[in-house]
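K.L.:
Got a sequence here, can you build the structure:
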Amino acid sequence: MNGTPGATAALVAVGHHYSHSPGWDDFFVALVLVVGATLALLGMHSGVTAWRTAGPPRGRALRGALLGTGLLLVPGLMIAAFGVWLY
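P.N.:
Model (predicted):
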């Protein structure tokens, strides 16, 4: 960086203004972030658990479990990313 005032601001996607005290909007943004992160962690945990408990020919036996993992992990990451974007 060359020390210009706008150089750091160019790296930030969304500008934040914290001139107000935390209120209900900040609470719900944090709630969205926590719910999304929880769903993503549940998805990862279910996938790892299903992989470890499955027998050696892990083909068709894991198809449903990995689909459920994806159905938890992907929306969880999307909700968490939305919460980060709102914050």
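
K.L.:
In this structure, where is pLDDT below threshold?
P.N.:
With pLDDT under 70 as the threshold, the chain has low-confidence stretches at 1-20.

K.L.:
What segments of it are strands?
P.N.:
With DSSP state E applied, the chain shows no strands anywhere along its length.

K.L.:
longest helix anywhere in it?
P.N.:
Of all the elements of type helix in the chain, the one with the most residues (DSSP state H) is helix 24-53.

K.L.:
What is the burial count for the closest residue to V35 other than its chain neighbours?
P.N.:
Excluding its sequence neighbours, the residue lying closest to V35 (CB to CB, 6 or more residues apart in numbering) is I79, at 6.1 Å. Where you see a C-beta, it was placed from the backbone N, CA and C, and this is true even at glycine. By other CB atoms under 10 Å, 19 other residues sit near I79.

K.L.:
Quick check: buried residues in the longest helix of the chain?
P.N.:
When burial is assessed from 16 or more other CB atoms under 10 Å, helix 24-53 yields the following buried residues: V29, V32, L33, G36, A37, L39, A40, G43, S46, G47, A50.

K.L.:
Could you do stretch 68-87 as well?
P.N.:
T69, L72, L73, G76, L77, I79, A80, G83.

K.L.:
Isn't the first one up against L42?
P.N.:
It stands for T69. No - assessed by CB atoms under 8 Å, T69 is found out of contact with L42, at 9.1 Å.

K.L.:
Return every residue with contacts to both of those two.
P.N.:
Contact criterion CB atoms under 8 Å, 6 or more residues apart in numbering; no residue bridges T69 and L42 by contacting each.

K.L.:
May I ask you to confirm that A30 is in contact with Y87?
P.N.:
Yes - judged on CB under 8 Å, A30 makes contact with Y87 at a distance of 7.4 Å.

K.L.:
show me the contacts for L62.
P.N.:
With contacts taken as CB under 8 Å, 6+ apart, L62 has the following neighbours: A50, W51, A54.

K.L.:
And G36, by the same measure?
P.N.:
Contacts for G36 (CB under 8 Å, 6+ apart) come out as P75, G76, L77, M78, I79, A80, A81, F82, G83.

K.L.:
Not counting its neighbours along the chain, what's nearest the fourth one?
P.N.:
Nearest-residue entry for M78: G36, 7.2 Å, with adjacent residues in sequence omitted and distances by CB to CB, 6+ apart.
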